[in-house]
Every structure is written in structure tokens, then in C-alpha cells.
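Novice: okay, here's the prediction I keep looking at, along with the sequence it came from:
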2 protein chains.
Amino acid sequence: MSTVTANMSMSLDGFVNHPTDGVDTLFRWYSRGEVVTGTDGDHDWEFKTDASEAQDLQGAKDSIGAIVYGRRSFDAAEGWHGTHPLGVPVVVLTHSAPRDWEYAGRSVHFVTEGGIAAAIARGRELGGGRTVVIGSADLTQQALNEGLLDELTVDLVAAMLGAGTRFFDNLKGAPYELEQTSVRPGNGVTHLAYRVVKP
Amino acid sequence: MSTVTANMSMSLDGFVNHPTDGVDTLFRWYSRGEVVTGTDGDHDWEFKTDASEAQDLQGAKDSIGAIVYGRRSFDAAEGWHGTHPLGVPVVVLTHSAPRDWEYAGRSVHFVTEGGIAAAIARGRELGGGRTVVIGSADLTQQALNEGLLDELTVDLVAAMLGAGTRFFDNLKGAPYELEQTSVRPGNGVTHLAYRVVKP
């Protein structure tokens, strides 16, 4: 079965967004380098990272089957105008799908029942065996608590935000044991990868 | 003036201790390797780390002028029986110093007035120009909020504890900008170093 992983950019003090700064500080590393990785869809910007990060972004485009987000991420990103920058299918877990959505019919899919397990299952269908990535904090927590998460990658940003949404909170099944699989320094960020050790 | 830094072992979800596990999981990396670094004082154990970590521990013994802790750390460690394992002077910031303490007169010093600034000042006196390290979460937060922290090192442990004391909380002056100065992978831990960028 395809691997389920989670990925977010997180401040050293554990936040994945800030009440006023949003993700501006956390996403700076996506535009701090010299190597361009193009975006898919209606986006008038490109990733500009170092060479190793660019390789990872290209690798993500090739290996990700679908990304699962919560409704707040969908709203904050304005639904990616129907196409995620990485060009991969997106699953949005929400209590009610938007009606008459301008970008309906592109690559954003809504799951309204069955919780995180159903959203991951839909991502697997769409992804054809490739990795399903969870891109929201609360869904990552739910996946961890339900034993559905295989891997975890954190882009640890050199800043402390002091407030916002924590990546890791409400971990009812904790402690969780992790196996560190990779550490790579970036520009104002450290890229960390872990395998979730299942009991 | 001597550098003020903070150091703690922290879980990926931000905790520096756990209500029942204490620091057992967080301190595992201190005993997971093959290279022995001896402890000073009345301690019947030794550090066992990888070679690079052992070099850092030896470096710490040589470069640290004093370590500043809060009262809870002092109590939890039973006052290090009067001598810290690294053999360096310790300053304990507490509302009232213990009376008739069994190990009085060794290298543990108490500061009862003037808050974190006074504790750091005492550490500087004792350390003779060498680095003053803060080893407690709440004191690190106070030092950050008062602009007294120059550097920060985090031993980021591959585990999620789900509960406990957070290293970074109550950061009233946040956001804080950090400059990442070093990243080194260890055994189940990543050693991260930052400089605190002062406005």
C-alpha cells in the first residue's frame, strides 16, 4: 500500500502559521535560493531554492500521488485556483464541499465523510500507488493518533513565532517513537525526515 | 562580555520533559554511543556518545563558565550532589536557597533576587569570561524575552512525547529571528545551533 507521510514548514517553537504573519516567515525558504522549480496551474510565482531543495521539489512532483489538506488550508490558499503548485491531485477533508466553486472539475477533490481515513483512501485512489502527503496540522495529528502515518518530514525554520497553530498538539496516543531517516541543512531551514515506529 | 547560550534536549513536539517519563527518552542519546566521556563529582555513570558528540561534551567542559538552572531542575537532579557532571559551576535561581544542604560549599551557587539577569551576572562572575549556559526552559524564555540570549542549541530528539514542559512557550517578545549556525545529525537526535538575531 502507498506510503502516508506528512510535511509542513514549522518554526523552532513548533508553529505552522502565525495569526498575523501567516506562513510568510515559514515559507521564505521556498524563495531564498537560485534554482528555479516551476509551478503548475494558475500561479504567477516559482520556487527558488538551493539545488538540493530543487531536486527534492522535482522529486515531490514525481513521487506524490495526492496531498490531503483540511478546509482551513484550502480556504487560506484560495483553493490553489484549482491546481496545486506541485501539479498533483489534492484531497480536501471538509464537512461540506463548496458549491458552484469557480475551479470545480480541476484537480481538487472533496471528502465530506469518514474522516482522515477516508481522505487518505481517496488520496490513494487518486495517486495510483504513489505517496499520499498530509499537509495540515490537525489532520497529521489525527493520522498519528489513528496509526495511519508512516513517515513525517519537517522543514524546521530558523525563527520563533510565539503564537499560531502547532504542528504537533493533541497527540492522544503519544509518546510516539520516531526513527530519523535524514537531516539536511538548507538556507535558514533544516529538512528533517522521520519514520513513525509502529508498536 | 561572555556569551549567553541555552541548551536543552527537546522532543520533536517541543517538550523538555514528560510527566511520567521525565527526561529518560530525551537523554537516551547521552548513553547510546561507544565513546566515553567521564563525569565529574559523585556520579556513577559516564556519557557514552558518538565521537563527534564526545568532542562536543569535552568542548563544553572546557568552554562553559557556568550553567544556570531553575529550582525544579535543581530538585529533579538532587542538586547534582553538589557537583555538575560536566564539572562546571552551577547557578540556581530560586526564591529561597535550601538550608543545611548536604552539599553546600561545592560548586552550586544560589541566586535569590534579581531574576534571570542576576543569575546570568553571577554565572559570568563564576565563569571568568567563558560561556554562560541556561539549562531550564522557563529561564530560557525569560532570557529571550529580556533580550539576554545570544545563542541557542537544541538537541532535537526523534520522539514525540505529547505532554510535559515546552522548551519554547510564553515568548512575549516573539517573533524572534534566528540564524542557523550548525546542524549535525546524531544517533536518534539532531544537534542544532542558532544565533539569536537582535533587532
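Specialist: That came through fine. In this text, all values refer to a predicted model and were calculated from it rather than measured experimentally.
Novice: please count neighbours and contacts with C-alpha atoms only from this point.
Specialist: Noted.
Novice: near chain B, which residues of chain A?
Specialist: By Cα under 8 Å from any Cα of the partner chain, the residues of chain A that approach chain B are A:13-14, A:158-162, A:167-180, A:183, A:185, A:188-190, A:194.
Novice: give me the number of residues near A:Val4?
Specialist: Counted with other Cα atoms under 10 Å in any protein chain shown, the burial measure for A:Val4 works out to 22 neighbours.
Novice: next up, phi/psi of the residue nearest the centre of chain A, please.
Specialist: Residue closest to the mean C-alpha point of chain A, counted by Cα atoms, centre = their mean, is A:Gly135 at 2.4 Å. In this entry, A:Gly135 is assigned phi and psi values of phi -120, psi 10 (degrees, to the nearest 10).
Novice: ok, it touching A:Ala66?
Specialist: No. If you go by Cα atoms under 8 Å, A:Gly135 and A:Ala66 don't touch, sitting 10.2 Å apart.
Novice: give me every residue that touches the residue nearest to the centre of chain A.
Specialist: By Cα atoms under 8 Å, 6 or more residues apart in numbering or on different chains, the contact list for A:Gly135 reads A:Ala6, A:Asn7, A:Met8, A:Ile67, A:Val68, A:Tyr69.
Novice: so which of those are in strands?
Specialist: Using DSSP state E, the subset of the contacts of A:Gly135 located in strands is A:Ala6, A:Asn7, A:Met8, A:Ile67, A:Val68, A:Tyr69.
Novice: could these go into TSV alongside neighbour count?
Specialist: Conversion of the ones in strands among the contacts of A:Gly135 to TSV gives the following (neighbours: other Cα atoms under 10 Å in any protein chain shown):
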residue	neighbour count
A:Ala6	25
A:Asn7	20
A:Met8	21
A:Ile67	29
A:Val68	29
A:Tyr69	24
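Novice: assess the claim that A:Leu192 and A:Glu151 are in contact.
Specialist: No. Applying Cα under 8 Å, one finds A:Leu192 not in contact with A:Glu151, separated by 10.9 Å.
Novice: report the separation between A:Asn170 and B:His95.
Specialist: A:Asn170 sits 34 Å away from B:His95, taking Cα to Cα, to the nearest Å as the criterion.
Novice: separation between A:Thr131 and A:Pro175?
Specialist: Distance of A:Thr131 to A:Pro175, given as Cα to Cα: 25 Å.
Novice: so between those two, which is more surrounded?
Specialist: Between A:Thr131 and A:Pro175, counting by other Cα under 10 Å, A:Thr131 is the more crowded of the two (21 against 16).
Novice: before we move on, what's the pLDDT of the more buried one?
Specialist: With respect to pLDDT, A:Thr131 has a value of 98.
Novice: same check on A:Ala104?
Specialist: Among the per-residue scores, A:Ala104 holds a pLDDT of 87.
Novice: cool, and A:Gly147?
Specialist: At A:Gly147 the predicted local confidence, pLDDT, stands at 96.
Novice: need the nearest residue in space to it, chain neighbours excluded.
Specialist: In space, not counting the residues next to it along the chain, A:Gly147 is nearest to A:Lys198; the distance is 7.5 Å by Cα to Cα, 6 or more residues apart in numbering or on different chains.
Novice: who are the neighbours in contact with the residue of chain A positioned farthest from its centre?
Specialist: With Cα atoms, centre = their mean as the measure, chain A has its most outlying C-alpha, relative to the mean C-alpha position, at A:Asp100: 25.9 Å. For A:Asp100, no residue counts as a contact, taking Cα under 8 Å, 6+ apart as the criterion.
Novice: just the helices in chain A please.
Specialist: A:51-63, A:71-76, A:115-127, A:137-145 (DSSP state H).
Novice: in CSV: the ones you listed, plus mean neighbour count.
Specialist: Below are the helices of chain A laid out as CSV (neighbours: other Cα under 10 Å):
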stretch, mean neighbour count
helix A:51-63, 16
helix A:71-76, 15
helix A:115-127, 20
helix A:137-145, 22
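Novice: go through these and name the closest to B:Thr20.
Specialist: Closest approach to B:Thr20 among the helices of chain A is made by helix A:137-145 (19.7 Å; Cα to Cα).
Novice: tell me what the closest one is packed against?
Specialist: Counting contacts by 3 or more Cα pairs under 8 Å, 6 or more residues apart in numbering or on different chains; DSSP states H and E, helix A:137-145 packs against strand A:64-70, helix A:115-127.
Novice: hmm, 7 Å instead?
Specialist: Contact partners of helix A:137-145 among helices and strands, from 3 or more Cα pairs under 7 Å, 6 or more residues apart in numbering or on different chains; DSSP states H and E: helix A:115-127.
Novice: where's the helix it packs on relative to the chain centroid, distance-wise?
Specialist: With Cα atoms, centre = their mean, to the nearest Å as the basis, the distance from the averaged C-alpha position of helix A:115-127 to the chain average is 14 Å.
Novice: okay, the angle between it and helix A:137-145?
Specialist: Taking axes from the mean of the first three to the mean of the last three Cα atoms, to 10 degrees, one finds that helix A:115-127 is oriented at 100 degrees with respect to helix A:137-145.
Novice: please give me every residue in contact with A:Gly128.
Specialist: Remark: with contacts taken as Cα atoms under 7 Å, 6 or more residues apart in numbering or on different chains, A:Gly128 is in contact with A:Gly65.
Novice: for stretch A:23-35, buried residues please.
Specialist: When neighbours are counted by 16 or more other Cα atoms under 10 Å in any protein chain shown, the buried residues of stretch A:23-35 are found to be A:Thr25, A:Leu26, A:Phe27, A:Arg28, A:Trp29, A:Tyr30, A:Gly33, A:Val35.
Novice: could the residues you listed go into TSV alongside pLDDT?
Specialist: Formatted as TSV, the buried residues of stretch A:23-35 follow (pLDDT from 0 to 100):
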residue	pLDDT
A:Thr25	97
A:Leu26	97
A:Phe27	96
A:Arg28	96
A:Trp29	97
A:Tyr30	96
A:Gly33	94
A:Val35	96
